[in-house]
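# Below is the sequence, then the predicted model.
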Amino acid sequence: MPKNAPPADAALRAHRRPPTSTRLAWLLGPALVAGVAYLDPGNVASNMTAGARYGYLLVWVVVIGNVMAWLIQYLSAKLGIVTGQSLPETLGHRIRRPWARRAYWLQAELVAMATDIAEVIGGAVALWLLFGIPLLWGGVITGSVSIVLLMVQSRRGPRAFEFIVIGLVAIIAIGFTFGVFLAPPDAAGVVGGLVPRFDGTDSVLLAASILGATIMPHAIYAHSALARDRFAPAGLPQTKGVRPDLDALRGIPTARLLRATKWDVSIAMLIAGTVNLCILLLAAANLAGVPGTDSLEGAYAALDAGLGPMVATLFAVGLLASGLASTSVGAYAGAEIMHGLLRVRVPLLARRLVTLVPALVILGVGVDPTLALVLSQVVLSFGIPFALIPLVALTAQRDVLGAFRNRALTTAAGIAASVFLVALNGVLLWLVFTGA
């Protein structure tokens, strides 16, 4: 073997190829992990509040958000698979001016911090509901568990991390859907809720919050990195727009990986969409008009009184699993954002401790947890265009994805989703600042 073997050959020798059958099940996983972002405590708060305040009015927002999320997450994964780079890495190479790259990083970092606030607060509220642990200490525990999960990812690899997160997703699904089967929603109300409409400024605010919680910017950044970590061989040389022969490196044709990714994203979004819809329907059918049920604590108490302690406990357990899983994925996304855009790596423990501070401050000063969750999702909604527009633009370019670039119809759908989300945020700003 030549002494001066090229980097690609070195990566090939170091990479452990998958089983020759490359069964579909082996290729699933990254989307299910990224999909945790669609099941975080911010989703719970936004959907629960929407159902309690407006009944079935915003069902259409959840459905449309989930349809758009499928397209967005597939494009993100495709970018990571085809290029062997995450979205932040790709942007870091293409944004040439340092000040522009730092500015982009700043807004992405603020979005990641807003995500972390929602997830830590959700875990803290769940620990308080289940065990009476004070919110501040609950936030510390949630953050500590996330550090352990991230250590699993860094030391045992992406597959072990995926198994843990998928297990938490199963707990989340059971916890949030059980009550719907005991107290089914009104079918006519659900059908009526599919008609797009609003009812005042607050309903627009909640719609933006639901979309911010459903189509989360950090999930776009994270999914491309998760797909890269799973399918791009270790030691892959990082290049500026020159793509190595990844098919030869990993032993699986890119086209096959993309077909499997469509299944992966479909399964993940089906789970996430069903759970989010069930949360809203549970609140609409059982909590609408009940005083205090537009908060997580009030919803828990109302579920306990109306449907029994089992439903309430499962709800709190689902909330806890949601906080633990999503805060780990959020921290992973934040680290990738910093590495890709600033080209520096901060020790994971140090970064985790720093990003915990805003959430712990909010818990410590006594800000209403549910209000903080909903507002954090609105912040995420405003961060969506900064992640979505570059994603659609990059995946449409031949010099980025080659033969796997988007078809014209896919690009048109991505543009339509971007325009819709930006327009909704514009309407929200107008309503809030004009008092209309």
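It's in.
# C-alpha only now, for contacts and for neighbours.
Will do.
# Counting neighbours, what do you get for R155?
10 (other C-alpha atoms under 10 Å).
# which strands and helices sit next to the helix or strand hosting it?
Element membership for R155 (DSSP states H and E) is helix 135-156. Contact analysis of helix 135-156 by 3 or more C-alpha pairs under 8 Å, 6 or more residues apart in numbering; DSSP states H and E lists helix 98-131, helix 158-182, helix 309-342, helix 348-365 as its packing neighbours.
# And the shortest one, what's buried?
Of all the residues in helix 348-365, those buried under the rule 16 or more other C-alpha atoms under 10 Å are L348, R352, T355, L356, V357, A359, L360, I362, L363.
# roughly how far is it from the heart of the chain?
19 Å (C-alpha atoms, centre = their mean, to the nearest Å).
# Counting by contacts, list what it packs against.
Against helix 348-365 (3+ C-alpha pairs under 8 Å, 6+ apart) you get helix 98-131, helix 135-156, helix 309-342.
# picking that back up, export the buried residues of helix 348-365 to CSV and tack on pLDDT and distance to Q397?
Output for those, formatted as CSV (pLDDT from 0 to 100; distance: C-alpha to C-alpha, whole Å):
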residue, pLDDT, distance to Q397
L348, 66, 33
R352, 72, 35
T355, 75, 35
L356, 80, 38
V357, 83, 40
A359, 83, 39
L360, 86, 42
I362, 85, 42
L363, 84, 45
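# which one of the residues you listed is nearest I210?
Closest to I210 out of the buried residues of helix 348-365 is A359 (20.2 Å), distances taken as C-alpha to C-alpha.
# Tell me which helix or strand in the protein has the weakest average pLDDT.
Here the helix or strand of the chain ranked lowest by mean pLDDT, DSSP states H and E is helix 7-14, holding a mean of 43.
# which outside residues touch stretch 176-195?
56-60, 63, 275, 278-279, 281-282, 284-286, 307, 311, 314-315, 318 (C-alpha atoms under 8 Å, 6 or more residues apart in numbering).
# Now which of the residues you listed would you call buried?
In the contacts of stretch 176-195, burial by neighbour count holds for 56-60, 63, 275, 278-279, 281-282, 284-286, 311, 314-315, 318, counting by 16+ other C-alpha under 10 Å.
# any low-confidence regions in the stretch 1-150 of the chain?
Regions of the stretch 1-150 of the chain meeting the criterion pLDDT under 70 cover residues 1-26.
# tally of neighbours for L32?
L32 has 23 neighbours, counted by other C-alpha under 10 Å.
# does it sit in a helix or strand, and which one?
Under the criterion of DSSP H and E, L32 resides in helix 30-34.
# who does that helix touch, helix- and strand-wise?
helix 158-182, helix 217-231, helix 254-286.
# What is the distance between that helix and the centre of its chain?
Distance, centroid of helix 30-34 to centroid of chain: 9 Å (C-alpha atoms, centre = their mean).
# what's the distance between N66 and G92?
29 Å (C-alpha to C-alpha, to the nearest Å).
# ok, now Y38?
Distance, Y38 to G92, using C-alpha to C-alpha: 26 Å.
# Ok, R53 next?
In terms of C-alpha to C-alpha, R53 sits 42 Å off from G92.
# buried sites along stretch 386-405?
For stretch 386-405, burial by neighbour count (16+ other C-alpha under 10 Å) applies to A387, L388, L391, V392, L394, T395, A396, V400, L401, F404, R405.
# Widest-spaced pair of these?
So, those by C-alpha to C-alpha: farthest apart are A387 and F404, at 20.1 Å.
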